[in-house]
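A.B. asks: Build me a model:
(chains A, B, C and D, ligands or ions: 6)
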Amino acid sequence: MHTNINRLRIVKIEKIVEETPTVRTFAFKDVASSNAGAGQFLMVWIPQAEELPMSVMIWHEKFYAAVTVRKKGYGSTSLYNKRVGESLGVRGPYGNSFEIPKNARKVMLVGGGTGLVPLLRLAIHLNSTRIDTTLIIGAKTHSEVFFEKLAVKCLEDTNHQVVVTTEDGSYGIKGQTTEAMLKLIGTERFDTIYTCGPEGMMKKILDLASASLIPVQASLERYMKCGIGICASCCIGDKLVCKDGTVFDSETLSSLSEFGLEYRDKSGRKCKYL
Amino acid sequence: MHTNINRLRIVKIEKIVEETPTVRTFAFKDVASSNAGAGQFLMVWIPQAEELPMSVMIWHEKFYAAVTVRKKGYGSTSLYNKRVGESLGVRGPYGNSFEIPKNARKVMLVGGGTGLVPLLRLAIHLNSTRIDTTLIIGAKTHSEVFFEKLAVKCLEDTNHQVVVTTEDGSYGIKGQTTEAMLKLIGTERFDTIYTCGPEGMMKKILDLASASLIPVQASLERYMKCGIGICASCCIGDKLVCKDGTVFDSETLSSLSEFGLEYRDKSGRKCKYL
Amino acid sequence: MFAEDALELRREQSAERNTLSVNFGGMCLRNPTILASGFLGISMDLFRRLYKLNAGAIVSKSISCSPIEGYRNPTIVSLDYSSYLNAVGLANPGADAFSEEIRENDNLPIMVSLVGSSEKEFPILVKKFDRLNIIGYEINLSCPHVAKMGIEVGDDPELVYRIVKATRLHTTKPIFVKVGVGNTDVLSVASVAKDAGADGITAINTLRAMAIDIDTGIPVLANKIGGLSGKPIKPLAIRCVYEITKKVGIPVMACGGIFDWEDAVEAMLAGASAVQLGSVLATEGLSSFHAICTGIQAYLKRKNAKNVMEIIGLAHKY
Amino acid sequence: MFAEDALELRREQSAERNTLSVNFGGMCLRNPTILASGFLGISMDLFRRLYKLNAGAIVSKSISCSPIEGYRNPTIVSLDYSSYLNAVGLANPGADAFSEEIRENDNLPIMVSLVGSSEKEFPILVKKFDRLNIIGYEINLSCPHVAKMGIEVGDDPELVYRIVKATRLHTTKPIFVKVGVGNTDVLSVASVAKDAGADGITAINTLRAMAIDIDTGIPVLANKIGGLSGKPIKPLAIRCVYEITKKVGIPVMACGGIFDWEDAVEAMLAGASAVQLGSVLATEGLSSFHAICTGIQAYLKRKNAKNVMEIIGLAHKY
Ligand SMILES: Cc1cc2nc3c(=O)[nH]c(=O)nc-3n(C[C@H](O)[C@H](O)[C@H](O)COP(=O)(O)OP(=O)(O)OC[C@H]3O[C@@H](n4cnc5c(N)ncnc54)[C@H](O)[C@@H]3O)c2cc1C
Ligand SMILES: Cc1cc2nc3c(=O)[nH]c(=O)nc-3n(C[C@H](O)[C@H](O)[C@H](O)COP(=O)(O)OP(=O)(O)OC[C@H]3O[C@@H](n4cnc5c(N)ncnc54)[C@H](O)[C@@H]3O)c2cc1C
Ligand SMILES: Cc1cc2nc3c(=O)[nH]c(=O)nc-3n(C[C@H](O)[C@H](O)[C@H](O)COP(=O)(O)O)c2cc1C
Ligand SMILES: Cc1cc2nc3c(=O)[nH]c(=O)nc-3n(C[C@H](O)[C@H](O)[C@H](O)COP(=O)(O)O)c2cc1C
Ligand code: FES
Ligand code: FES
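C.D. replies: Ligands and ions are numbered 1, 2, ... in the order given. Model prediction:
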């Protein structure tokens, strides 16, 4: 029988990887998740605690997937504290995925923190299609840099370049991802820029790239309840991030006046990003 | 999609055949019904009137089936009075079917009235497998004899014999079907006897055939509500006519002490056959 | 087979029996799968067949003082998703014929379902059955499609009290009261029933519902309105079982949309002491009892539970 | 395209519009497919998108005086057969934010769904919205999972009367009252609402239900109990629509398990003046409005009906 991806599937945590002192990756077996597209997410049930949207992280074993979580509030911390052998519920994967244009020869990926998760899945596709790939990883400081080695491995079969920026300069290039990006697009031609991370960063990337006529695809985050397009808690303009997104292109992003500026809180009220 | 035979299907009556002054055949297009086995029945909804179990009658057009009804009480008369173009609801076909033993070479069919309906469908199978077939059609009087020509046509490709008996001798052989049957089994060897008709007749056939060690398969009727094995209104002993039947073999019939003697009324009380 | 093997097998079988045996509301059953009322519930021969096929107990068709012919057909309509709409109109052979039917019962765990329209009828019914070999009664207060019987009774908590009390006075056998989701709070009906001396609750009955054929515009049931059963009503049954066992604190048999062992386990985690099987018999046939027992057993093994009663109400802790 | 063709096309389109246009309870809609409350109902941008996709009208998320954050996730759980269990806890941006949201509405047929716990709150809510461009109100008396709001209110006919009356006194716009199947008779709630001056009824809301994960034994919704929506509840909705329109005689919008044009036609034959679409949007997406309109139109053509209102309540004759 065809599995209904909307039905909760209980999975057992089989491996846990410490990425940084506040970020962990949890691997589990789940065929549907393992086949997720880059940009798709799961709704992850942490029994008795929360249900959270989480991008589907890659995992090297067949039929396996993972989630990479940063410990933050109640929900994410409950997940972060799970141990091997404990259960999670997952449904999905949901949403659309990054698209690789037919003639793309050279692309740039810009992300930070857990925003790297969908970009790594994308990297694997780029790797297998031998597209020149530049990945910019941004972090505040050295101890918060993760996925660098994994990223290099994901891209090993294609021409690639992995650049790390830290705001305090404790590792890699000092500064923000957007500065590194600006430098690179000044000297090389990129067909597309893919990004996932803080919305302010993504907005800046859209503006810079648009000025240089480079198309952008960005994976957005919004508060989510249903994940299936009925509750509107994830809405931005007339779009639903869970169903029309998470990935939007330059044209759509430019039409969304809330992008980078406003989001809706749990009650549905519009709030400004700080 | 797989059709759920339990869901009501609305069919349009396309042809009506007058079989006798009180019996009519109603033909309609319905693929599932056209594929019914011999012995299977439909639950036929006569809108605003009744729902009745009816054996599935054969029809010469592809994807078509029919029901042959004798006008009797409210339900059957409501059906009998339907016109071309009017709608019926059908669900099913339900129940099991007559079985043709692997080595059968010569069989006898004994029926009367609308009991001939499943026997005609069986005749077509026998015809195509070239099994010698003797059909005994019983009726009270000449005007109540029907399906004789059709039966001959159904059996045209195999060795066959169609015998008609009438109780008043106004047509064919005078007497009951069981008398004709007794004569025939006295002179020829039959591998199986199939029967459908008044239960008293079927009981007599079972007794006579058992004495001569000829296996019998009989298609039974009982009051039916659900047709799907949940209400027990059709029960005889520990069997459900709608699901375990309608066809039962000698062994089962012999174990059913109610056979030929008792049935249950609409309330579920046991009553004696007159 | 060697003698030891036979012994081993017997030991295993009795272990199985112990794993699944349940004990609640004054009844002790070999397993928690029970035939729901109205399904095949009029024939002793069928009861024997069901018992051989592993039914833990059998609830009869609801029996009234006098026989009832019920409504004209169509009385049972199949809808999608293994669900059914019925308005049989409480057709039943009546107390005299049915007590005759089960007179010779010796060892089958039969519960008699009783239906009536006033508190006077129940003692009369009980008198017909109480000396027979039956394990208890289920009082049907929730048939959604017969006026003045069933749900209209169940919607009146005072009448429920009087009926259960009247029945209680005439029997020491376990009494279960079957409640429905309709016009009254199941919790208040359950607690009234408990106060009046009921030993347990069966939750739930069918829900008032309807289907219209769009081709003709005609309601399909002869009675127009009937009761919805089958898979769609399971989440309602689970909720009622959970709330009644948690808030009223009385043993409950779950009924409504139990189709497989997962459903049975869910109902028991919610608090049910047993599960009743109804509509599943149309879809999966009579082997459902055995299939569900086998599934529960495997689940218990995985969870290292020695007996199925260990899982009853586990969801209450959360 | 030649001018004549354009003219022809426009004629056809307006014919289509006439075929599907409905007129009931003081509202005139271009077609009878309406967005149900709680689905996408908080964003003006989304309303515009839905209107372009053929929604005949839009009911907002239920709005309370103050914003409500709602329950912790999981708040929405998918069950089998296109059904959903939700306990969002009436999360909504509150009357101030929402009146701001729809302030610039000019031509979209928006109904505002109101929720509150006492008759005092409704006039306050109405004052926030009555001068905006909205076509009416729906009073949500039937949310099954928030105490003291919704169903606990709807279960108290006297309170229903006071709430509807209080609302009636403060607006001349159409008022629809949304009823649920739970602990009180929908017919009595509907007739009380009518007496208090309601223009129509919406039937039905979700039903109190529950799901437990059998692996962990934990109720899946954070709130444990929630409301069941989707395909399984259609036969209940059809029954309520039929009974309310037949016995109370008030316009009804059908809600509950309407997934395709067949469901919509069934509901209208039962007596509904319009149908609300909810859970179908999860399964079939936003094109449902258009698909159902097209299906109804083809049905009307086969039945030689000039306007969809001709089929409303046809099943009552039988
Ligand atoms: C599509 C998508 C993919 C995501 N992928 C990842 C990922 O791979 N790794 C990761 O660590 N985080 C990811 N997130 C963010 C994650 O869902 C949580 O927002 C974050 O973990 C904080 O959760 P919390 O419960 O600890 O938040 P709290 O501290 O309780 O709340 C802080 C903020 O977290 C956000 N939040 C809380 N619940 C939700 C929710 N149900 N949906 C969206 N936002 C919520 C809200 O903005 C809230 O204000 C993703 C979010 C989305 C929408
Ligand atoms: C498997 C099966 C196949 C049948 N095939 C045919 C057929 O091909 N042609 C035909 O004319 N008749 C057939 N019948 C009989 C038919 O279903 C009706 O019983 C008969 O037409 C009389 O109906 P009525 O409503 O006019 O009866 P009434 O005069 O109203 O009642 C007389 C008797 O008819 C029987 N009856 C009524 N309703 C039902 C019911 N729902 N189920 C069973 N019996 C009922 C009862 O014994 C009842 O006492 C079949 C019955 C069964 C069980
Ligand atoms: C055809 C039919 C007849 C029924 N008759 C009765 C009855 O007589 N007494 C009763 O208490 N419940 C009766 N019920 C209700 C069932 O016992 C049960 O409560 C309901 O079907 C829900 O369970 P299910 O979903 O497993 O079928 C009947 C149900 C059906 C479908
Ligand atoms: C997630 C969700 C949120 C809902 N919120 C509301 C609400 O705020 N107000 C309301 O009256 N009904 C609400 N409902 C109920 C729906 O409006 C509708 O009555 C119910 O879902 C049945 O229709 P359906 O089967 O088409 O979904 C909600 C339903 C769901 C699933
Ligand atoms: S999360 Fe509910 S619509 Fe996107
Ligand atoms: S007709 Fe219902 S069991 Fe056979």
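
A.B. asks: Identify the residue of the stretch 1-150 of chain C closest to chain A, quick one.
C.D. replies: Among the residues of the stretch 1-150 of chain C, C:Tyr81 lies closest to chain A, at 13.0 Å counting by C-beta to the nearest C-beta. Backbone N, C-alpha and C define where each C-beta goes, glycine included.

A.B. asks: Would you map the helices across the chain?
C.D. replies: As the question left the chain open, I've gone with chain A. All helices of chain A, identified by DSSP state H, fall at A:31-34, A:74-80, A:116-128, A:148-154, A:177-187, A:199-211, A:250-255.

A.B. asks: Chain C, not that one
C.D. replies: Using DSSP H, the helices of chain C run over C:3-20, C:44-52, C:94-101, C:121-129, C:151-154, C:157-168, C:186-195, C:234-243, C:261-270, C:280-284, C:288-302.

A.B. asks: so who does A:Gly89 touch?
C.D. replies: A:8-11, A:44-45, A:47, A:51, D:213, D:220 (C-beta atoms under 8 Å, 6 or more residues apart in numbering or on different chains).

A.B. asks: Distance check, it against C:Tyr242.
C.D. replies: 19 Å (C-beta to C-beta, to the nearest Å).

A.B. asks: quick revisit: out of the helices of chain A, nearest to ligand 1?
C.D. replies: Nearest to ligand 1 among the helices of chain A is helix A:74-80; the distance by C-beta to the nearest ligand atom comes to 2.5 Å.

A.B. asks: quick one on the thing from earlier: of all the contacts of A:Gly89, which comes closest to C:Asp260?
C.D. replies: Closest approach to C:Asp260 among the contacts of A:Gly89 (C-beta to C-beta): D:Asp213, at 15.3 Å.

A.B. asks: and the closest one, how many neighbours?
C.D. replies: Residues lying near D:Asp213 (other C-beta atoms under 10 Å in any protein chain shown) number 20.

A.B. asks: One more: A:Met54?
C.D. replies: 22.

A.B. asks: doesn't A:Arg70 make contact with it?
C.D. replies: No. Proximity of A:Met54 to A:Arg70 does not meet the contact threshold set by C-beta atoms under 8 Å, at 10.4 Å.

A.B. asks: near ligand 5, which residues of chain A?
C.D. replies: Residues of chain A lying close to ligand 5 by C-beta under 6 Å from any ligand atom are A:224-227, A:229-234, A:240, A:242.

A.B. asks: rerun at 8 Å
C.D. replies: A:53, A:222-235, A:240-243 (C-beta under 8 Å from any ligand atom).

A.B. asks: Just the residues you listed: which are in strands?
C.D. replies: A:53, A:235, A:240 (DSSP state E).

A.B. asks: give me every residue that touches A:Ser34.
C.D. replies: A:59, A:62-65.

A.B. asks: Now with 6 Å, please.
C.D. replies: A:Ser34 makes contact with A:63-65 under the criterion C-beta atoms under 6 Å, 6 or more residues apart in numbering or on different chains.

A.B. asks: can I get the contacts of A:Gly89 in CSV with pLDDT and distance to B:Ser128?
C.D. replies: What follows is those, written out as CSV (pLDDT from 0 to 100; distance: C-beta to C-beta, whole Å):
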residue, pLDDT, distance to B:Ser128
A:Leu8, 96, 52
A:Arg9, 97, 50
A:Ile10, 97, 53
A:Val11, 98, 55
A:Val44, 98, 60
A:Trp45, 98, 59
A:Pro47, 95, 61
A:Glu51, 98, 61
D:Asp213, 97, 55
D:Val220, 96, 56
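
A.B. asks: low-scoring stretches of the stretch 51-200 of chain C, by residue?
C.D. replies: C:143-152 (pLDDT under 70).

A.B. asks: Which one of the residues in it is closest to ligand 1?
C.D. replies: Taking C-beta to the nearest ligand atom, ligand 1 has its nearest neighbour within the stretch 51-200 of chain C at C:Tyr81, 30.0 Å off.

A.B. asks: contacting residues for that residue?
C.D. replies: C:231, D:81.

A.B. asks: rerun that using 10 Å as the cut-off
C.D. replies: Residues counted as contacts of C:Tyr81 (C-beta atoms under 10 Å, 6 or more residues apart in numbering or on different chains) are B:4, C:230-232, C:257, C:283, D:80-83, D:231-232.

A.B. asks: Give me the subset of the residues you listed that also touch ligand 6.
C.D. replies: When these are checked against ligand 6 using C-beta under 8 Å from any ligand atom, none falls in range.

A.B. asks: Now, of those, which are buried?
C.D. replies: C:230-232, C:257, C:283, D:81-83, D:231-232 (16 or more other C-beta atoms under 10 Å in any protein chain shown).

A.B. asks: so which two of those are the farthest from each other?
C.D. replies: With distances taken as C-beta to C-beta, the most widely separated pair in the buried ones among the contacts of C:Tyr81 is C:Thr283 and D:Ser82, at 18.5 Å.

A.B. asks: How many residues are close by the closest residue to chain C within chain A?
C.D. replies: For chain A and chain C, the shortest gap (C-beta to the nearest C-beta) falls at A:Gln48, measuring 6.2 Å. Applying other C-beta under 10 Å, we find 11 residues neighbouring A:Gln48.

A.B. asks: Got the confidence number for it?
C.D. replies: Per-residue pLDDT puts A:Gln48 at 93.

A.B. asks: can you pull the contacts of it?
C.D. replies: Neighbours of A:Gln48 in contact, by C-beta under 10 Å, 6+ apart: A:78, C:318, D:216, D:218-219, D:222.

A.B. asks: from those, which is closest to C:Ala270?
C.D. replies: If you rank those by distance to C:Ala270 using C-beta to C-beta, D:Pro219 comes first, at 8.5 Å.

A.B. asks: partners of the closest one in the sheet?
C.D. replies: For D:Pro219, the beta-bridge partners under DSSP bridges are D:Ile212.

A.B. asks: what's it in contact with, if anything?
C.D. replies: By C-beta under 10 Å, 6+ apart, the neighbours of D:Pro219 are A:47-48, C:238-239, C:242, C:269-270, C:315-316, C:318, D:74, D:77, D:85, D:210-213, D:225-226.

A.B. asks: that older thread, can you pick out the ones from the contacts of C:Tyr81 that are in strands?
C.D. replies: If you go by DSSP E, the contacts of C:Tyr81 have C:230, D:83 in strands.

A.B. asks: Which pLDDT does the model give the residue in chain C positioned nearest to chain D?
C.D. replies: Per C-beta to the nearest C-beta, C:Pro232 is where chain C lies closest to chain D, at 3.1 Å. We note a pLDDT of 97 for C:Pro232 in this prediction.
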